[in-house]
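Chemist: Quick check, what structure comes out for this input:
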Amino acid sequence: MTSDARIVIIGAGASGAAFAWRLAAQGVKSVCLERGDWLAPVDIPTDEPDWEYRRITDFSPNPNVRNSASDYPILDSNSAIKPLLYNGVGGSTIMWSAHTPRFRPSDFRIKSLDGVGFDWPISYWDLAPYYEINDSMMGTSGVAGDPANPPRTPRATPAMPYGLVGTRMAKAASNLGWHWWPSDGNILSTDHGNRKGCNNCGPCEMGCRIGARSSVDITYWPAALSMGAELVTNASVSHIEVDQSGNAKRVIWFDENGKEQATECDYVVVAANGIGTPRILLNSVSKYFPDGLANSSGQVGKNFMLHPIAGVTGVWDDPVQSWAGNDAFCLLTQHFYETDPNRDFVRGYEMQVTRGQGPLISALGGFGLNVPWGKGHHERFDQVFGHVATVAVTCEDLPVETNYISVDSSATDQFGVPAAVMNYELESNSTRMKSHGIESAKAWLEAAGAKEVLVNPLLSQAGFHLMGTTRMGIDPANSVVDGNCRAHDVSNLLVIDAGVFASSAAVNPTPTLQAVALRAADKLVEAGI
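Modeler: Okay, here's the model as predicted:
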């Protein structure tokens, strides 16, 4: 690549890819620096005999377990929930479940409606057209017409099959008087365009060799590169330097040989996720920004939100084929999503039906299956394998400053860049919410005929949703970027990942962060770059 660029994007994941594509489609070129590399389909081990062992070792979504060359250290001993993310082309869409519900209109106005947290400076309706663009680009399966959510166009392919257990759970929800709906997901249920439909093999979070499960390395990036976007892999960004006016001037990074590089640019766009982005900004110290770049508010890294998730698992006497189909979703209920003054918490939670695990994880007692070693092991395994389903209770997390990302120079990556530190505990509102959700999930499973219900009150290895650490807002005193994702302190610096979220909602963040990134690209072009 050249030593300078008009626009430099840091991170080739969900938001960086969408932003680069949207710019390229309007004739604006950018250079994206990605810490990791491409993952070839042949290297995805989902149809290898040892795929479950690989899932908990070198293909673990936890970078501290995976410990690959492209990962940076994340100190998580002060966090109740552990980090799950991926560094490489595609970012965490390489290792995601692809469950893609949208935020609801109320999620953008929690301060106005419920007196908690912060309102977004933009609304659902500002993002609605970008949700549609993103659904088209990613290839979303599902069913349009949910009366509990705003209208949307028909999905690319039909909803993923419910399977036996999903059918039982749908009937039970109806009998309980709870509204439910098929899950939207970025997995093609049938052939679409040049991509194959899902074969229901199961271990979706590890990747998809046939390309049915969407990730931005096979959706946005090929289109962006064909229109002139540039992507540099194995480029580990250290920090951002500023000029004499305090504007972003150059990005400092290390190439695959460990040589330091500097790329000068007119705009820097950070898309390194809710942990990686504050790590870069807090490490970008200068006389203009002694506490980190764009941090005059002291809010960079603060208000870290993660979605506390409880796993409530039902065990049926008869087999329900829970090993078949995509592992993370088939249907959901948002019956308890909005604030109810009769409950002891504000806001709400979503419950989604997820399927069972493979034989190894089941034998190890995954999701709290209580499978003992030694006497009784085989009998218990026979009781649970293929006989279970888990309801994931996803709770809205409120932003609090005591949950935050910091940096620690006592631990560094291979280039000497200080590690990120997670500081996170469940706040009291989500704790009460989670207790209510567990009881709801138990009632649902029992209504569906489960003879045994097992509760894991907190999935500690579920830190996929990294939000809030560079919050958008109107007031520069309590936010980092404005509604168009421009830093209040640095006019040519943008942040476009889920760190900009002012609230976490109770659903997966990826389609929303991609809609935010697409809109930010348009706003940058409209400003006349």
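Chemist: For Val393, grab the count of nearby residues.
Modeler: Close neighbours of Val393, defined as other CB atoms under 10 Å, add up to 28. All C-beta atoms are positioned from the backbone trio N, CA, C, and that covers glycine.
Chemist: which parts of the longest helix along the chain are buried?
Modeler: Across the chain, the longest stretch assigned as helix under DSSP state H is helix 428-447. Buried residues in helix 428-447, counted by 16 or more other CB atoms under 10 Å: 429-430, 432-438, 440-442, 444-445, 447.
Chemist: And for stretch 118-129?
Modeler: If you call a residue buried by 16+ other CB under 10 Å, then stretch 118-129 has these buried ones: 118-122, 124, 127.
Chemist: Check those residues against Asn199 and report the nearest one.
Modeler: Leu127 (32.7 Å; CB to CB).
Chemist: got CSV for the buried residues of stretch 118-129, with distance to Lys302 and pLDDT too?
Modeler: Supplementary listing: the buried residues of stretch 118-129 in CSV, determined by distance: CB to CB, whole Å; pLDDT from 0 to 100:
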residue, distance to Lys302, pLDDT
Phe118, 12, 97
Asp119, 17, 98
Trp120, 17, 98
Pro121, 17, 98
Ile122, 20, 98
Tyr124, 25, 98
Leu127, 24, 98
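Chemist: from those residues, which is closest to Pro308?
Modeler: Closest approach to Pro308 among these (CB to CB): Phe118, at 19.2 Å.
Chemist: can you pull the contacts of the closest one?
Modeler: By CB atoms under 8 Å, 6 or more residues apart in numbering, Phe118 lies in contact with 110-111, 399, 471, 473, 478-479, 502-503.
Chemist: Among those residues, name the buried ones.
Modeler: For the contacts of Phe118, buried by 16+ other CB under 10 Å: 110, 399, 471, 473, 479, 502-503.
Chemist: how about TSV for the residues you listed, with pLDDT, distance to Trp323 and secondary structure added?
Modeler: Shown next, in TSV, are the buried ones among the contacts of Phe118 (pLDDT from 0 to 100; distance: CB to CB, whole Å; DSSP: H, G, I helix; E, B strand; the rest coil):
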residue	pLDDT	distance to Trp323	secondary structure
Ile110	98	38	helix
Pro399	97	38	coil
Arg471	98	41	coil
Gly473	98	45	coil
Ser479	98	45	coil
Ala502	98	39	coil
Ser503	98	36	coil
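Chemist: contacting residues around the helix or strand just after the longest helix of the chain?
Modeler: Next in sequence after helix 428-447, counting helices and strands by DSSP states H and E, comes strand 452-456. Identification of contacts with strand 452-456 by CB under 8 Å, 6+ apart yields 310-315, 367-370, 438, 442, 445-446.
Chemist: one more time with 10 Å
Modeler: Strand 452-456 is contacted by residues 309-317, 365-370, 383-384, 387-388, 390-391, 393, 438-439, 441-446, 462 when judged by CB atoms under 10 Å, 6 or more residues apart in numbering.
Chemist: What subset of the residues you listed is buried?
Modeler: Neighbour counting with 16+ other CB under 10 Å marks 309-316, 365-367, 369, 383-384, 387-388, 390-391, 393, 438, 441-442, 444-445, 462 as buried within the contacts of strand 452-456.
Chemist: give me the number of residues near the nearest residue to Arg55 once chain neighbours are set aside?
Modeler: Counting by CB to CB, 6 or more residues apart in numbering, the nearest residue to Arg55 once its immediate chain neighbours are dropped is Met206, at 5.7 Å. The local packing of Met206 (other CB under 10 Å) involves 21 other residues.
Chemist: ok, Met206 - contacts?
Modeler: Applying CB under 10 Å, 6+ apart, one finds that Met206 lies in contact with 44-46, 51-52, 54-55, 59-61, 94-95, 213, 327.
Chemist: Try it again at 6 Å.
Modeler: Taking CB atoms under 6 Å, 6 or more residues apart in numbering, we find Met206 in contact with 46, 55, 59.
Chemist: Please report which of these has the highest neighbour count.
Modeler: Most surrounded of those: other CB under 10 Å gives Phe59, at 25 neighbours.
Chemist: Do you know the pLDDT at that one?
Modeler: Phe59 carries a pLDDT value of 94.
Chemist: Need phi/psi at the closest residue to it other than its chain neighbours.
Modeler: Excluding the flanking residues, the one nearest Phe59 by CB to CB, 6+ apart is Met206, at 5.3 Å. Main-chain dihedrals, Met206, degrees, to the nearest 10: phi -90, psi -10.
Chemist: ok, Met206 to Leu113 distance?
Modeler: Here the criterion is CB to CB, to the nearest Å. By it, Met206 lies 39 Å from Leu113.
Chemist: Let me see the contact set for the most centrally placed residue in the chain.
Modeler: Most central in the chain under CA atoms, centre = their mean is His465, positioned 4.2 Å from the mean C-alpha point. Contact analysis of His465 by CB under 6 Å, 6+ apart lists 306-307, 509.
Chemist: Tell me the secondary structure at it.
Modeler: Secondary structure, DSSP: H, G, I helix; E, B strand; the rest coil: His465 is coil.
Chemist: host element of the closest residue to Pro101 other than its chain neighbours?
Modeler: Residue nearest to Pro101 in three dimensions, not counting chain neighbours: Val507, with 4.2 Å by CB to CB, 6+ apart. Val507 belongs to no helix or strand when assigned by DSSP H and E.
Chemist: does Val507 really touch Thr100, like I thought?
Modeler: No. Counting by CB atoms under 6 Å, Val507 sits too far from Thr100 to count as a contact (8.6 Å).
Chemist: What pLDDT is listed against Trp178?
Modeler: At Trp178, the pLDDT recorded in the model is 98.
Chemist: burial of it, as a residue count?
Modeler: When neighbours are defined as other CB under 10 Å, Trp178 has 17 of them.
Chemist: quick one: it and Phe336 touch, right?
Modeler: No. Look at Trp178 against Phe336 with CB under 6 Å: they stay out of range, at 8.4 Å.
Chemist: So His239, which state does it fall into?
Modeler: Put simply, His239 is strand when judged by three-state DSSP.
Chemist: and stretch 328-336, C-alpha only, in PDB?
Modeler: This file holds the C-alpha atoms of stretch 328-336, laid out as PDB (Å, rounded to 0.1, in the frame of the first residue of the first chain):
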ATOM      1  CA  ALA A 328     -28.000 -20.700  18.200                       C
ATOM      2  CA  PHE A 329     -31.500 -19.800  17.100                       C
ATOM      3  CA  CYS A 330     -34.800 -20.900  15.600                       C
ATOM      4  CA  LEU A 331     -37.500 -18.700  17.300                       C
ATOM      5  CA  LEU A 332     -37.700 -16.000  20.000                       C
ATOM      6  CA  THR A 333     -40.100 -14.200  22.200                       C
ATOM      7  CA  GLN A 334     -40.000 -10.600  23.100                       C
ATOM      8  CA  HIS A 335     -43.000 -10.900  25.400                       C
ATOM      9  CA  PHE A 336     -41.000  -9.400  28.300                       C
END
